[in-house]
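Chemist: Test case, fold it:
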Amino acid sequence: MKNSFLKSAILIMVIMLSQVFFSGCASDKGVEKDASVKMTEAPAEEPAEIEETAKKTPLPEIRQTDKIPADSLTPRAFFEPDSRYYYFMEAQLQRKKGDIDKAVYYLKKAIECDPGSSYLQRELANLYLRQNDSRNALSVVEKMVEKEPDSLEALIVYGKLKQDLKQTKGAKEAYEKVLASDPTQKEVYLLLGGLYFEEGDMTNAFRVYQQLVGHFPDSYVGHFFLGKIYVRRGDLNEAEKKFRKTLELESDLEEPLFELAGIYETQGEKERVIQVYEDIIEDDPDNIRALVSLAYFHHKNGNSGKSGKLLKELGIRSRYDPDVIQKVVRLYVDRKKYGAAIVILEGMLKGSPDSSDIHYAAGIAFDRIKDGERAIRHFRAVTSDSRFFQSAAVHISFLYQERGDLQEAIRFLKGVIEKVPDNPDFMIYLGSFYEESGEFRNAADTLKQGIEIDPDNTRLYFRLGVVYDKWGKKEKCMEAMKKAIRLDPENANALNYLGYTYADLGRNLDEAEHLIKEALKYKPEDGYITDSLGWVYFKKGLFDKAVKMLEKAVRLVPDDPIILEHLGDAYLKTSNKKKALELYKRSLSKKEKDKESLEKKIRELVGNNF
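Modeler: Presented below is the predicted three-dimensional model:
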């Protein structure tokens, strides 16, 4: 069978879009037939998958429609240093060599010589498309659209670029304009309908797909999506007709069959549901989705014997076919159908009780429903030679932490390290638990043990610096942070931590400002780093600048008590005592400990009738 219907629909769009630019419009049936052969089985019902697939699809080049005048291509014109032809030929040579950056440079020089050339603009847009540089390509195509507003090819590429950049309003406007001008642009219906469908605008999606099947009655993609829209509207009879029409046009598709099974289940027609799944399995005995769906349907309807048999067989199969577990995870765990996932995975364990992969997936499902005990039981069954061992061990330790048993988390991780002594990540987690329990010496020793294993691990040095800071060892803290920055000069957290530490101590304030501004280059909207810069200004006595920066920090992180107190301090220094008191009170309401100094500030302001 041909599978993954939704993904194939996108593939159809891409193939057809390419044909528009390279060879004109192909016939409806021929294009769909060719595209459908490439379907691969995977559930793809969620609109987000359309966007993700489209995002990964390279844009086609823009077909050239104008030519450089032949009578201008003289040898002298080619080699004149200031000639557009010279630069154009250099661009083509660099393009053939694969140096697209140089090709772009020379083509821009050619455009400087002849800024009105649509040909050169198209060439430049194509080069940007080759680099997957959608923003610069869009800039070029926007100029082309301004110059040639009726160019459908330019409008289609403009719309696709807008779509890639998630500027869907512009994309939809472009596609609508194309269809208003030429209602036979089949691939544009698919692109536009997909956008409306993703956004949940079923009214417009329905309109577009109706227009599609009106112009192209054999478009099975259009009929399929109309069926999905009817399902959302609750019109199951019309939905069934559309899915059956889809199958009439393309009998090998499986996605409409799963949609029909969903309709029959909603209508309580159990035998028809079972028949649909069994038909799929008869045609494709390796169809994991159908096998799992049938097993779970039997379970829901009290037929534990048939359900158990199918799930046990799937468990046995999973020993040599990893696709079984991957499908279950994608269909149920990723879609947050945790109850179903648990039934299926525990049923599969009957056939493969020692499967680390199944135990890990079951642990994830139980964790998501907040059943920590059973999650831990499954995670503990993951063996040390499994690819999921590290993740399972970390999950267990954090589950102990969540239930307030830090010492059990520490004991567990120490046992894990005895089994796997050369994994520095375990040292980071164990050090963090020691840090949280206030055992700073043990935390530092553990992190240094990790550094011996991996001396270039930035996270170990950063965490060690935090531990030293909490331990009151400021010099060692700064030394560790400097080491982290030497290893990773773009580590925003380390840059910020060192800069804030300087500011808090009132030392090296210019260096602190430099470090924090550097951190903001990499995390410009980070409220904590923004607070650090505001605090540097405060320490420098630049109180107006401090207020401005700290107000921004509070907008980014409204509930952090330290940031709120910092802004209160800055207001106080600018004689805005009313706002200072307001911020102090907000900060106090968020603080869980160390409230004394803040309460003193409030008492002093209140005592002064503020």
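
Chemist: Quickly list the domain ranges of this protein.
Modeler: 1-58+183-266, 59-166, 286-400 (automatic domain parsing).

Chemist: quick one, which of those domains is nearest to residue 407?
Modeler: domain 286-400 (8.6 Å; CB to CB). C-betas here are computed from N, CA, C, even on glycine.

Chemist: Next, the distance between the ends of the closest one.
Modeler: Distance across domain 286-400, first residue to last, is 40 Å (CA to CA, to the nearest Å).

Chemist: Could you say which helix or strand holds residue 568?
Modeler: Under the criterion of DSSP states H and E, residue 568 resides in helix 561-573.

Chemist: Next, the angle from the helix or strand just after that helix to helix 561-573.
Modeler: Using DSSP H and E, the next helix or strand after helix 561-573 towards the C-terminus is helix 577-590. Inter-element angle recorded for helix 577-590 and helix 561-573: 160 degrees (by axes from the mean of the first three to the mean of the last three CA atoms, to 10 degrees).

Chemist: And the average pLDDT for helix 577-590 is what?
Modeler: Average pLDDT, helix 577-590: 93.

Chemist: What residues sit buried inside it?
Modeler: 579-584, 586-588 (16 or more other CB atoms under 10 Å).

Chemist: For residue 565, state which of those is nearest.
Modeler: residue 587 (4.3 Å).

Chemist: Of the domains of the chain, which is nearest residue 451?
Modeler: That would be domain 286-400 among the domains of the chain, by CB to CB, at 18.8 Å.

Chemist: Would you convert the domains of the chain into JSON lines that also reports mean neighbour count, distance to residue 421 and mean pLDDT?
Modeler: Compiled in JSON lines, the domains of the chain are given as follows (neighbours: other CB atoms under 10 Å; distance: least, CB to CB, whole Å; pLDDT from 0 to 100):
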{"stretch": "domain 1-58+183-266", "mean neighbour count": "19", "distance to residue 421": "40", "mean pLDDT": "71"}
{"stretch": "domain 59-166", "mean neighbour count": "17", "distance to residue 421": "43", "mean pLDDT": "74"}
{"stretch": "domain 286-400", "mean neighbour count": "19", "distance to residue 421": "12", "mean pLDDT": "96"}
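
Chemist: related to what we said a few turns ago, may I see the buried residues of the helix holding residue 568?
Modeler: When burial is assessed from 16+ other CB under 10 Å, helix 561-573 yields the following buried residues: 561, 563-573.

Chemist: Could you pull up the mean pLDDT of it?
Modeler: 95.

Chemist: For it, name the packing helices and strands.
Modeler: helix 527-539, helix 543-556, helix 577-590, helix 596-607 (3 or more CB pairs under 8 Å, 6 or more residues apart in numbering; DSSP states H and E).

Chemist: Tell me which of those sits most buried.
Modeler: Highest mean neighbour count among the helices and strands packed on helix 561-573 (mean count of other CB atoms under 10 Å): helix 527-539, with a mean of 24.

Chemist: which residues sit against that helix?
Modeler: 492, 496, 499-500, 503-504, 506, 509, 512-513, 516-517, 519-520, 523, 543, 545-550, 552-557, 560, 562-563, 566-567, 569-570, 573 (CB atoms under 8 Å, 6 or more residues apart in numbering).

Chemist: which residues touch the closest residue to residue 437 other than its chain neighbours?
Modeler: Nearest in space to residue 437, with sequence neighbours left out and distances taken as CB to CB, 6 or more residues apart in numbering, is residue 406 at 4.9 Å. Contacts were defined as CB under 8 Å, 6+ apart; by that measure residue 406 touches 400, 433, 436-437.

Chemist: could you flag which of the residues you listed are buried?
Modeler: 400, 433.

Chemist: of all the contacts of residue 406, which comes closest to residue 273?
Modeler: residue 400 (42.7 Å).

Chemist: got a list of what the closest one touches?
Modeler: Contacts of residue 400 (CB under 8 Å, 6+ apart): 376, 406, 408-409, 412.
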